[in-house]
Each structure stands twice: as structure tokens, then as C-alpha cells.
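Colleague: The sequence and its predicted three-dimensional model are supplied below.
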Amino acid sequence: MNPIRIENERPYRDMGLSFAPGKPYPLGASWDGRGVNFAVYSEYATKVEVCLFADLLSKKEEKRFSLSSRSGPVWHGYFSGLKPGVLYGYRVHGPFEPWEGHWFNPYKVLLDPYAKSIARLPVLDLSLYAYRRENLEKIPKESDISIMSEADNAAFSPLARVIDESFDWSNEHKPSYSWQDTILYEAHIKSMTINHPDIPKDLRGTFLGFCSEPILNHLKSMGITSVELLPIHQSYSGARLQTSGLSDYWGYNTLNFFSPDIRYARKGAEVELLRDFKTMVKTFHSAGIEIILDVVYNHTCEEDHFGPNLHFRGLCNRSYYRLEDHKKMMYRNYSGCGNTLDVSKPVVLDLIINSLRYWASETHVDGFRFDLAASLIRGSDGLPESFPSFIAALKRDPLLSELKLIAEPWDLEGNFQDRFPSPWREWSDTFRDSVRKFWNSGDVDSKEILGHLGQRRLTPETTKDLPFEKLNFITCHDGFTLQDLVSYNGKHNEKNGENNRDGADQNYSWNCGEEGPTHNEDILSMRERQKRNLISNLLLSSSVPMLSGGDELSRTQKGNNNAYCQDNNINFYDWESDAEKEDFFAFVNYLIRYRKSNPIFGKIDTLISDDNSLLWKSIVSDENGVEISDPSFARSGSYPISWYARFRKTDLKNIMRETDSEIGFILLLNPTDREVKFVFPESSIGSPLCKVIDTSEKTFSNRKEILLSSYIAQPKSLVLFEEPGSVLNG
């Protein structure tokens, strides 16, 4: 079957261009000041053409040139005279054999996977599909896939733009926080800015709005050191969402790994988007805050075998995706999104490493959080690798190995935690679930809570599992907000269009007596107390803490625990405050300040000696002072528990610089619905104490010295005492 032709195609010289073979590296469209080098990978293609478009409204390309030079699987060519601003795409010829994993179709203009700027997103249309599809809302039959579509998609295809990537990084002051000093804040660009009354309207929802003074002041007032941005790579909403009036709001359906999402551009200044992003990073660095990107390399927006040809699928499907052995038209779906990129293939591993290096070197970001990272360490057989090539590639890279690297250490087909070695940090879903159960449902062993906090006795044999190698969180973008965690027993995702079937069913939440909004003062009071308990457990833990953006503002999603597709007030921060919201915000800020000035909480890794033992002593006991380490102690479930610890300040010399003396702490946790009288261990009696926090109280800064041998903890409360002058004054 003959591909379409451009009529009256003129020679290159008529456009004032000269053509040369060019170079196979770097991949993408690279402008050198004199012209543009195009290079694209396609192992099984028989011909590759560059298509140049006059403008974004063009229904077909203005010019089409063959890349006649080939170096192995890379097709390339250099056009002298081309300048930034050129709009382009590729047409790729080759076998249309879906049953063999080949979806080549020259009727489809494809996006450059290495494009640094997306000028036009795909416009949902039947012509985007390589096979003959007759309905966007109805899933076709597998037999329909075998018929190639001859509909040209040029009017609806994604288009890339050649850009000038230069930027002035002079006077940049890049911060660098150790993990033990890191306070991480997860945020979405639009959610945090779109409703802020002090951000100029034309900047709301943009990169420049995110680095505006109101946002920076908010984060600095909290003591945040590092912001983890939900995906800012160019994403694309699939057919189901678009036909339902929804969108890929969170951005986890990636279209391109090298370009920022045009949703965050200033209106009318889309061509300046990359420069805006760099300005945002530089501004954050000047404010002493790191930027970490949430990146999604496990799948793309091309969906399953019924999906459209947007880039990889039409460029070289068999090289990029994991295919089923017995039926190569089908994708292995470790992502839950229809397809999975095959990191065991060198071209895919190179793509990811090149993307990471681009964002680190070109935009100066400080680290990455890898979505469904377990899918990136599977070998060619689909099983987890003993020595993952992905981890090894990052470790030996002189730039990437110095950045903060965070793994979501599982995928949709398995849980492979503890496979990401230091200096990686792994998201701890066990911490999340254990703390939620402890305070909300009472079905977790209290000793487990102390283990997650790092407040336990450890031997040299167990220090390899120290909790500081994890990243702790109570809530994140995925699931309930903190406010909803104490306001709803069940999810309420009806607006997502899936009959409330999506999202996690088991949330370990508790509505405190009534589902959703209420005017009952007792319920409202208990919800505030539970929020204080949960956030205290997080910020007094020994791992890196991550706050979900907006929790400090008591943000609600109205019970939606999977708001990925809601571009509305379900996701947007509510900046209007009241007395309760202000009290909770002040409590969170106080806890962060306390953690940052405290030599113990969050810094347990500094207390390990050369022989891998801990340089402190502690006693874990029940409410009667009975030491839990006693072999005769046998209890399960959530019960009141206390932790008493003393530290020699000489052992804290790296962080305290104090003289030789001792300091002590007592932490009481009462998850029950009754008052509990805690009897303090004998070794703690005789020293005056200051009460740092009691989550049953709204006030938390009245630090009077008291001499106690016991303390009555209110139902559902956490209490922390310290010796006067130990850590934080006032």
C-alpha cells in the first residue's frame, strides 16, 4: 500500500536550506546556532521522514524530508538554516504487523520522543489510531486491529517545536540538604496556586505562579526544605477521560519525558515554558528550597493494544514496550495503565538516563521520585533483577548519583520493597498503614509503631533495616487527604465516572462518628485531635517525612481517594482559613521546628557507632511501666505504650556540640478510647520535665517544668516530655 504524498514538493534549496547527513547523537532535534540536527531511533523502520509544519493550525505538513542517513537503528539528518520555532513531527515506514508487535503506519505523524518543547497536543480523533477504528467510546474487537488505517492524522497529531534552550544560571545558589535534615512537601503546580488570592491571576496555575512570593513564603514559614512536584513532564489524557469530560489532572499519563507540560505555561507565552520552569527552579534555590520531580517512566499514554499511535508505538513498538511472548500485539501491564516500558532494553534504559540527565543538568533539579519504581528493575523475563541495570546505571553516573533518589518500591504486579539501596529512599507504605491502623482502627501491634518510629532497641544485626532508609508519609496525592482520613470511613469517587470502583477500598480511616461534613462539636474536636496524632507520629519518626501538600491547610477532597482526573476544587487548595485551620497549621509548623532543632527525632542514623550499635539507651513499656522487652510480656493489638530514652550529649557531638551530660525524653501513645495513667520507669523519676506536646490540648507552647512519676493521657492522644533545655527553647 502506497503512503500519502505531498504534491509539488520542492527541492531543499528552494527553502534556503542545505541538507547534510548529520549525526546520530544526541537524539531529538538539536539547534546549534546554524541549523538543526534530527536524530530518531527506529530499529525496524524502512524509512523515516521529517515533517515540517507552517503553524499550529496546519492540517498537513508544509514540507517532508527523508532522513536518508542511518547509523545502526538511528536515522538522522542535518538542516542548515532551520531556526528555533520550527514545528515538526515524523512519519515512519515499516511493516504493519500487529500480531508481531509492529504498528508502523506512514499515514500517522508521530511525536519526537526527545522533543524539548511540545507545541501541539494530540487532538482526540479516530485518525490517531494505526488500525481502522470506527468509534472512540466503544472498545473495538481484536479482529479490527489487523486492518491498517489510511486516514491521515496530520491535522490532529502532536507536534514538537525546536527551541533555544539557553538560560542564565549565574548567581544561582543551589541548596543541598542531607536526608536527615530533609522535610519533604508533595505539591501539584495548579492545585496549590489556582485559588491563591495573592497570586496575580495571569500566573495562577503556572510555573511562575508557583515560585511567586506567596507560595515561597508559605513553604519557608513551615520550614520545608524540599518540594516534590507531581509530574511536570508533558502528559496527555486518554480517550476515556476526554469523552467523559475528565482529564489526566495529576499528570501520570506521560506523553513526553523531555518537555514540561504546556498546562503550566503562561497564556500566550507557551514558547517560553522551559525558560519559565528554569526560572522557577532558580527562584526556589534562592529561597533555600530544593525541587524534586515525580517522574513516570513505567508506562506512556499510548494505552493498551487498542491505543493510539503517538510516538513509541509507531516509531518502534517492539523496541520500547514489554510485549507478551505468545501474543506480541498485547502489552505486559505492570503499570495498570495498559502498557509497560521495557527497561531491560538498552534503548529504553538510555532514554530514561538521558531524560534524567537532561532535567538534572539543563534545569538543575535536585532529585527524582520514581513512580512504580519496581517496574524499572524487571529483567527481560519480567522478574526482578538480582542486580538491576537501572540502579547500576544511576549509581555510576557522576551527576545522577549525587541527587536525591526516591522509589515508590512496587508496581501493580508485585511488591519489591528493599531493593533500592542507599542512598535511595523508599516510600514506606507499611509506616502509612501501621500508623493509620494504630490511631484509627486499633488493629496493629503497638510495638510495630515504635519500630517504624525508630524508637526501639536495635542490635548490630538489625541496623541494616533501620527506618531512616525509608521515606515516611501518612498521606500523599494517592488516597485520602489528612482531613478526609479522619472524616470518612469509605471512599466517595462517584465523580470519577467508574461507579466508585476505582481507588483503594482499604484506607484504615475513621470518620470519628459521622460520615463527611458535620456540625457535631465533639466529632469535630476528635477529628482535630486525630490529625494532631497522625502528623505527630510522622514528624517524630526517624525516617525522612513527607507531607502531602494542603494537609497543613486541612484540605478536603470530599472523600475522593483517587482524584487523579478532577481538574476542579476537589483538588485545588482552599486558602480561606478559620480558627481550627489556623490552629492546626500552627501545630504543624511547631512540630517541624521542633524536629529540625532536635538531636534525636529524625536523626537516629547519626547515633550509630562504628560497630553498628546504637549510642543510646531506651526503655519501652506499657502504661504500668512494665518493660515490653521482658519475655513474659505478651500482648497484641493497639495498646497504650511509652518510650523513655536517655542520650549522652557527647554521643551527639556532631549535631549538638554540647558538653558531657545526659538528656532524656518520654513519649506516651494512647490509641484507646479511655484515659490511661502512665507510670514512668524508675530510672526516669527524679528529673524535672517539660511537656512539649499533648495532642489532646490545643495549646502546645506552654513549656513549664514539672516533676512527675506518672501522667494521665487522655483518650486518643500522644504526649511528649523532655528535660528542660534539652532542645528547643520557648
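Modeller: Looks like it came in fine.

Colleague: If we go by neighbour counts, what in stretch 314-327 is buried?
Modeller: Going by neighbour count (16 or more other C-beta atoms under 10 Å), the buried part of stretch 314-327 is 314-323. C-beta coordinates here come from the backbone N, C-alpha and C atoms, glycine included.

Colleague: same thing with stretch 492-512?
Modeller: 492-493, 496, 500, 503, 507-512.

Colleague: And for that stretch, what's in contact with it?
Modeller: Stretch 492-512 is contacted from outside by 244, 246, 433, 436-437, 439-441, 479-480, 484-491, 516, 523, 526-527, 530, 558-566, 570, using C-beta atoms under 8 Å, 6 or more residues apart in numbering.

Colleague: 6 Å instead?
Modeller: 244, 433, 436-437, 440-441, 480, 485-489, 491, 523, 526-527, 559-562, 565 (C-beta atoms under 6 Å, 6 or more residues apart in numbering).

Colleague: Quick one: mean pLDDT over that stretch.
Modeller: Computed over stretch 492-512, the mean pLDDT rounds to 96.

Colleague: ditto for stretch 671-688
Modeller: On average, stretch 671-688 scores 78.

Colleague: Now the terminal residues of it, how far apart.
Modeller: Start-to-end span of stretch 671-688 (C-alpha to C-alpha, to the nearest Å) is 26 Å.

Colleague: low-confidence ranges in the stretch 551-700 of the chain?
Modeller: Along the stretch 551-700 of the chain, the model assigns pLDDT under 70 to residues 599, 602-620, 625, 627-637, 646-663, 681-686.

Colleague: how about the strands in it?
Modeller: 616-621, 641-648, 662-670, 676-679, 689-694 (DSSP state E, counting those that start in this stretch).

Colleague: The stretch 51-200 of the chain now?
Modeller: Taking DSSP E, counting those that start in this stretch as the criterion, the stretch 51-200 of the chain carries its strands at 63-66, 69-71, 74-80, 87-93, 96-97, 102-103, 118-120, 159-161, 184-187.

Colleague: would TSV of those strands with mean neighbour count be doable?
Modeller: Output for the strands of the stretch 51-200 of the chain, formatted as TSV (neighbours: other C-beta atoms under 10 Å):
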stretch	mean neighbour count
strand 63-66	18
strand 69-71	16
strand 74-80	22
strand 87-93	24
strand 96-97	17
strand 102-103	25
strand 118-120	23
strand 159-161	26
strand 184-187	24
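
Colleague: how about a markdown table for these, with mean pLDDT and distance to residue 354 added?
Modeller: A markdown table is the format used below for the strands of the stretch 51-200 of the chain (pLDDT from 0 to 100; distance: least, C-beta to C-beta, whole Å):
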| stretch | mean pLDDT | distance to residue 354 |
| --- | --- | --- |
| strand 63-66 | 94 | 25 |
| strand 69-71 | 97 | 17 |
| strand 74-80 | 96 | 13 |
| strand 87-93 | 98 | 18 |
| strand 96-97 | 96 | 29 |
| strand 102-103 | 98 | 24 |
| strand 118-120 | 97 | 17 |
| strand 159-161 | 98 | 16 |
| strand 184-187 | 98 | 26 |
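
Colleague: a markdown table please, covering those strands and showing distance to residue 203.
Modeller: As requested, the strands of the stretch 51-200 of the chain are exported to a markdown table (distance: least, C-beta to C-beta, whole Å):
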| stretch | distance to residue 203 |
| --- | --- |
| strand 63-66 | 37 |
| strand 69-71 | 44 |
| strand 74-80 | 36 |
| strand 87-93 | 26 |
| strand 96-97 | 46 |
| strand 102-103 | 41 |
| strand 118-120 | 21 |
| strand 159-161 | 22 |
| strand 184-187 | 16 |
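
Colleague: and residue 710, which of the ones you listed is closest to it?
Modeller: Of all the strands of the stretch 51-200 of the chain, it is strand 184-187 that lies closest to residue 710, at 37.1 Å by C-beta to C-beta.

Colleague: For residue 693, give the beta-bridge partners.
Modeller: Counting by DSSP bridges, residue 693 is bridged to residue 720.

Colleague: And it, how close does it get to residue 594?
Modeller: According to C-beta to C-beta, to the nearest Å, residue 693 and residue 594 sit 8 Å apart.

Colleague: Equivalent analysis for residue 638, please.
Modeller: To residue 594, residue 638 is 25 Å away according to C-beta to C-beta.

Colleague: Among the buried residues of stretch 314-327, which pair sits farthest apart?
Modeller: 314 and 322 (17.3 Å).

Colleague: quick one: residue 567 and residue 251 touch, right?
Modeller: No: between residue 567 and residue 251 there is no contact under C-beta atoms under 6 Å: 10.9 Å.

Colleague: In terms of neighbours, single out the busier of the two.
Modeller: residue 251 (26 against 20; other C-beta atoms under 10 Å).

Colleague: Once you drop chain neighbours, what's closest to that one?
Modeller: residue 231 (3.7 Å; C-beta to C-beta, 6 or more residues apart in numbering).

Colleague: what pLDDT does that neighbour get?
Modeller: At residue 231, pLDDT is 98.

Colleague: what secondary structure does the spatially most central residue of the chain sit in?
Modeller: In the chain, the C-alpha nearest the mean C-alpha coordinate belongs to residue 294, at 3.5 Å (C-alpha atoms, centre = their mean). On the three-state scheme (DSSP: H, G, I helix; E, B strand; the rest coil), residue 294 is labelled strand.

Colleague: Tell me which residues touch it, please.
Modeller: 228, 230-231, 369.

Colleague: repeat for residue 183
Modeller: Applying C-beta under 6 Å, 6+ apart, the residues near residue 183 are 223-225, 592.

Colleague: in a helix, that's where residue 449 is, yeah?
Modeller: Yes: assessed by three-state DSSP, residue 449 belongs to a helix.

Colleague: how many neighbours does it have?
Modeller: 24.

Colleague: what's the answer for residue 386, then?
Modeller: By other C-beta under 10 Å, neighbour count at residue 386 equals 8.

Colleague: Quickly note the distance from the spatially closest residue to residue 197 that is not a sequence neighbour to residue 555.
Modeller: Distances taken as C-beta to C-beta, 6+ apart put residue 575 closest to residue 197, at 6.3 Å, once the chain neighbours are dropped. From residue 575 across to residue 555, the span is 10 Å (C-beta to C-beta).

Colleague: The two: which has the busier surroundings?
Modeller: Shown here are residue 575 and residue 555; by other C-beta under 10 Å, residue 555 has more neighbours (22 against 18).

Colleague: which ones are touching that one?
Modeller: Counting by C-beta under 6 Å, 6+ apart, residue 555 has contacts 481, 573.

Colleague: rewinding a little: out of the strands of the stretch 51-200 of the chain, which is closest to residue 309?
Modeller: Nearest to residue 309, of all those, is strand 102-103, at 6.0 Å by C-beta to C-beta.

Colleague: shouldn't residue 442 be in contact with residue 638?
Modeller: Yes: between residue 442 and residue 638 a contact is recorded at 4.0 Å, counting by C-beta under 6 Å.

Colleague: Helices along the stretch 251-400 of the chain, start to end?
Modeller: 273-286, 312-320, 346-362, 389-396 (DSSP state H, counting those that start in this stretch).

Colleague: among those, which is nearest residue 677?
Modeller: helix 273-286 (48.2 Å).

Colleague: and the closest one, average pLDDT?
Modeller: Mean predicted lDDT for helix 273-286 stands at 98.

Colleague: any idea of the angle that helix forms with helix 346-362?
Modeller: Inter-element angle recorded for helix 273-286 and helix 346-362: 60 degrees (by axes from the mean of the first three to the mean of the last three C-alpha atoms, to 10 degrees).

Colleague: Can you name every helix or strand that helix 273-286 contacts?
Modeller: helix 207-210 (3 or more C-beta pairs under 6 Å, 6 or more residues apart in numbering; DSSP states H and E).

Colleague: What is the helix it packs on packed up against?
Modeller: So helix 207-210, by 3+ C-beta pairs under 6 Å, 6+ apart, packs with helix 189-193, helix 273-286.
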